[in-house]
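Based on what follows, work out the 3D shape:
(chains A, B, C and D)
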2 protein chains.
Amino acid sequence: MSLKIAIVDDKYVNRNIIKNKLLAYGHFEIVLMAENGSDFLQKMKTLTPEERPEVALIDLEMPELDGVDTIAAATTLYPNIKYVVLTIFDDEDKIFKAIKAGAFGYLLKDENAENIGDMLWQMHSSGAGPISPGIAHKILQLIQNNNLTIVKKDIANEKILFELTDRETEILKLLVKGLSYKEIGQELSISPNTAKKHVINIYQKLHVNTRIQALHLAQEKGLL
Amino acid sequence: MSLKIAIVDDKYVNRNIIKNKLLAYGHFEIVLMAENGSDFLQKMKTLTPEERPEVALIDLEMPELDGVDTIAAATTLYPNIKYVVLTIFDDEDKIFKAIKAGAFGYLLKDENAENIGDMLWQMHSSGAGPISPGIAHKILQLIQNNNLTIVKKDIANEKILFELTDRETEILKLLVKGLSYKEIGQELSISPNTAKKHVINIYQKLHVNTRIQALHLAQEKGLL
DNA sequence: GAATATATGATCCATTTGGATTATTTGCTT
DNA sequence: AAGCAAATAATCCAAATGGATCATATATTC
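Below is the predicted model of the structure:
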């Protein structure tokens, strides 16, 4: 069985390159080519359900109706079709908007065409949306930088994997605030030597060996 | 040049399968094998910087110190190493936590080993973290289901109150990550003395005199 | 009562850090 | 061409930090 594909891109050259590469790959049948979102939606109306594409490759920057809006509209009209962004843009904002609009995958044009064929075919077999490595990487970084945060249903059990004692936690808090041993000692009315001893014990439990490392780990693990 | 790899997995069989497959693939050199996070961190201490792995493949469910905590600790200790999760678990929570902890990639063990080699090698050339298609797909779905939402950082604070030069900002970033002068020097291919000179200039501009203070100020003022 | 964990404190030592000073090179600006 | 800001780098020094070891007191638990 071959996979029925639609190509939506405002550049004639692009449409043809993609078309030829996919045809050369085999497995694919190009059933629709459009030069923008409006064009795509118009042409879709002329097709019977059997003729419709199973996958639509959609560029993002297009006149008339851009990729994001096209996907948003098309997902409600034809929810069974898999919409895959195929573009040169890799900025966070576009990625995020396209996904929210309902994109099933996100491929970069600088993938060589063979790769694109591979990824589309793999999507077909595995059911997982195809995503270019560079895009996936960007999303990971968004998450790491706290620009993407998970909306938690239950914020429960933050188990204390690094078992610090109460005193150690108390000292850790002062440590990450930037206090020296001397200052910690003053604050807690103990000898700076003791403060230091605690800190070193903390380091051993956390497997770190500088204040900054302890701070990062404490923040990540919510030890404060 | 071959890529130096560490394998952290509690099952002997798994370690060996991964090792053999990667060795058969070529390009890879296994420099460390550990059976849990503590073991890994212990063994890392015995290695000189030159001997250290460039990539650490880390399983998630392990006794002693699990994968997420291991990555959290290791990223602060050895920020230059790329930590790639290699596991059978694909539930959202684990994925998300691992990424937050600092995972650079997330691979599923059901990938055939050739694929894993491919993805690791591609990571090495492209610099993008390797992510199994199924995982990337899950993340997209999280976003679509509004379980992951983007948080726009307030970039209005872009005013350069403390006028750091580009180089100084660059160095500040490394400094707050926890790198020593020596490490900053290595990272930027300059003398540790120069790194130090920059840091002290930064301190003067920020009116602080320790790393932790600089970190706090930088975070408050959004200098990063 | 003995064993254990925790908190306290000191001492010694090597390394790192913070600070001041001086100097050279590079790339712009006037 | 002269002037200036950055970036580079080295040297000297004092203070702080990180690490190891030993010692003591005080609870708690078995």
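
domains for chain A, by residue range?
What automatic domain parsing lists as the domains of chain A is A:3-144, A:166-221.

Turn these into JSON lines, including mean neighbour count and mean pLDDT.
Heads up, the C-betas are built off the backbone N, CA and C, glycines and all. Converted to JSON lines, those look like this (neighbours: other C-beta atoms under 10 Å in any protein chain shown; pLDDT from 0 to 100):
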{"stretch": "domain A:3-144", "mean neighbour count": "18", "mean pLDDT": "81"}
{"stretch": "domain A:166-221", "mean neighbour count": "18", "mean pLDDT": "86"}
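
Can you lay out those domains as a markdown table showing distance to B:Asp93?
Shown next, in a markdown table, are the domains of chain A (distance: least, C-beta to C-beta, whole Å):
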| stretch | distance to B:Asp93 |
| --- | --- |
| domain A:3-144 | 13 |
| domain A:166-221 | 16 |
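
And those: which comes nearest DNA strand C?
The closest of the domains of chain A to DNA strand C is domain A:166-221. By C-beta to the nearest atom of the strand, the value is 2.8 Å.

what about the closest one and DNA strand C, touching?
Yes. Under the criterion of C-beta under 7 Å from any atom of the strand, domain A:166-221 makes contact with DNA strand C via A:166-168, A:185, A:188, A:190-191, A:193-194, A:196-198, A:210.

Which of the residues you listed fall within helices?
A:166-168, A:185, A:188, A:193-194, A:196-198 (DSSP state H).

can you narrow those residues to ones near DNA strand D?
Among these, the ones lying near DNA strand D by C-beta under 7 Å from any atom of the strand are A:196-197.

Tell me the one among the ones in helices among the residues of domain A:166-221 next to DNA strand C nearest to B:Leu77.
The closest of these to B:Leu77 turns out to be A:Glu168 (C-beta to C-beta; 19.2 Å).

any idea how far that closest one is from chain B?
16 Å (C-beta to the nearest C-beta, to the nearest Å).

And for A:Gly178?
On the measure of C-beta to the nearest C-beta, A:Gly178 and chain B end up 4 Å apart.

does the closest residue in space to that residue that isn't next to it in sequence belong to a helix or a strand, and which?
In space, and not counting its chain neighbours, A:Gly178 is closest to B:Ile212: 4.0 Å by C-beta to C-beta, 6 or more residues apart in numbering or on different chains. Using DSSP states H and E, B:Ile212 falls within helix B:211-221.

and if you look at A:Ala98?
helix A:92-101.

Got phi/psi on A:Leu108?
phi -100, psi 140 (degrees, to the nearest 10).

for it, which residues make a bridge with it?
Beta bridges link A:Leu108 to A:Thr87 when assigned by DSSP bridges.

can you pull the contacts of it?
By C-beta atoms under 8 Å, 6 or more residues apart in numbering or on different chains, A:Leu108 lies in contact with A:86-88, A:90, A:132, A:134-135.

hey, where'd the helices end up in chain A?
Under DSSP H, chain A gives helices at A:12-25, A:37-45, A:67-77, A:92-101, A:113-126, A:133-144, A:166-177, A:181-188, A:192-206, A:211-221.

Of those, give the one that comes closest to B:Leu41.
Of all those, helix A:192-206 comes closest under C-beta to C-beta, at 10.3 Å.

Please compute how far the closest one lies from its chain's middle.
How far helix A:192-206 lies from its chain's middle: 39 Å, per C-alpha atoms, centre = their mean, to the nearest Å.

What about contact with chain B: does that helix have any residue there?
Yes. Using C-beta under 8 Å from any C-beta of the partner chain, helix A:192-206 reaches chain B at A:Leu206.

Perfect, that will be all.
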